[in-house]
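>>> no sequence for this one, just the structure:
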């Protein structure tokens, strides 16, 4: 609960009365920071709730474009990472260095798996054109004078092909073709993907930040800069990681299961 010095020992910083005082102050600081994070995502959740109540059909059609399987995989990965992070903290507190290194390394691996899955999700969204705002539209105009969406352009091309050709050339199976057709018939559908990319994108940045922080404390474990007498950085990073995981528990049903 104290601070490591250059000789490898532990002591509390001079501006604290004791190691206990330093530890409690550090815990309060990280909790205050986490409150600001929750408030930020809370604002997004409120905005989501308002627009979902106003345009339920948009959110229904939009969520059909998301893979529940991939979302569920990422949910399991993050839940498991919370478990390994908790193990890592426990091992550091008990002085089990090698086990702590393994647990923290597995947590980082879970973060990497999560981001790889998101990469494939994002690239597919750009492939089919299910993106937010002005990016969802081409420069072409329809017969009614409205801008053609990228989804509409893709469907127009798909309609010229057989089912087998769609899967081979456009990588569209019949289920996704039907979901995209439903989406294109829904007015203002890019609204949903505005929320999807902002909410999942900000969360993804937090996953990356968390992975770098876990790597930072992993180095501290390797260098014997944390242990049973001083584990504040590990515990603080662990709290941040648990909040990141908790936020995803809310994002998964809101984005993937709302339809």
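Looks like it came in fine. Computed from a prediction, not measured in an experiment: that's the story for all the values here.

>>> and stretch 248-258, which residues are buried?
Neighbour-count burial for stretch 248-258, counted by 16 or more other C-beta atoms under 10 Å, picks out 248, 251, 252, 254, 255, 256, 258. The way it works is simple: take the backbone N, C-alpha and C, and place the C-beta from them, glycine included.

>>> With stretch 192-203 instead?
For stretch 192-203, by 16+ other C-beta under 10 Å, it's 192, 193, 194, 195, 196, 197, 199, 200, 203.

>>> go on, stretch 34-53?
Using 16+ other C-beta under 10 Å as the test for burial, stretch 34-53 gives 34, 41, 44, 45, 48, 51, 52.

>>> roughly how far is it from the heart of the chain?
15 Å (C-alpha atoms, centre = their mean, to the nearest Å).

>>> Contacts made by it with the rest, please.
Residues from elsewhere that reach stretch 34-53 (C-beta atoms under 8 Å, 6 or more residues apart in numbering): 58-59, 191, 195, 198-199, 202-203, 206, 239-240, 243, 247, 250, 254, 258.

>>> same check, this time on stretch 135-152
Residues contacting stretch 135-152 (C-beta under 8 Å, 6+ apart): 128, 129, 130, 131, 153, 180, 183, 184, 189, 190, 193.

>>> on contacts alone, who are the packing partners of the helix or strand harbouring residue 126?
Per DSSP states H and E: residue 126 is located in helix 97-128. Counting contacts by 3 or more C-beta pairs under 8 Å, 6 or more residues apart in numbering; DSSP states H and E, helix 97-128 is packed against helix 68-94, helix 150-158, helix 190-222.

>>> Need the outlier residue of the protein, farthest from its centre.
In the chain, residue 143 marks the outermost C-alpha relative to the chain mean, sitting 40.0 Å out by C-alpha atoms, centre = their mean.

>>> could the helices and strands packed on helix 97-128 be laid out in a markdown table, adding distance to residue 122?
Putting the helices and strands packed on helix 97-128 into a markdown table (distance: least, C-beta to C-beta, whole Å) gives the following:
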| stretch | distance to residue 122 |
| --- | --- |
| helix 68-94 | 11 |
| helix 150-158 | 15 |
| helix 190-222 | 8 |
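
>>> Make a markdown table from those helices and add distance to residue 231 and mean pLDDT to it.
Shown next, in a markdown table, are the helices and strands packed on helix 97-128 (distance: least, C-beta to C-beta, whole Å; pLDDT from 0 to 100):
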| stretch | distance to residue 231 | mean pLDDT |
| --- | --- | --- |
| helix 68-94 | 5 | 97 |
| helix 150-158 | 50 | 92 |
| helix 190-222 | 9 | 97 |
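
>>> Tell me which of those helices sits nearest to residue 229.
Closest of these to residue 229 is helix 68-94, at 9.7 Å (criterion: C-beta to C-beta).

>>> Which strands or helices does the closest one pack on?
Judged by 3+ C-beta pairs under 8 Å, 6+ apart, the packing partners of helix 68-94 are helix 97-128, helix 232-256.

>>> Point out the most buried one among those.
Greatest average neighbour count among those goes to helix 232-256 (a mean of 20), per mean count of other C-beta atoms under 10 Å.

>>> Throw together a ChimeraX command that grabs the buried residues out of the contacts of stretch 135-152.
Here is the ChimeraX command that picks out the buried ones among the contacts of stretch 135-152, judged by 16+ other C-beta under 10 Å:
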select :128,129,130,131,180,183,184,189,190,193
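
>>> Remind me which helix or strand residue 148 belongs to.
strand 147-149.

>>> And that strand, what's buried?
The neighbour-count check on strand 147-149 (16+ other C-beta under 10 Å) flags residue 149 as buried.

>>> among the contacts of stretch 135-152, which two are most distant?
153 and 193 (16.2 Å).

>>> Thank you, goodbye.
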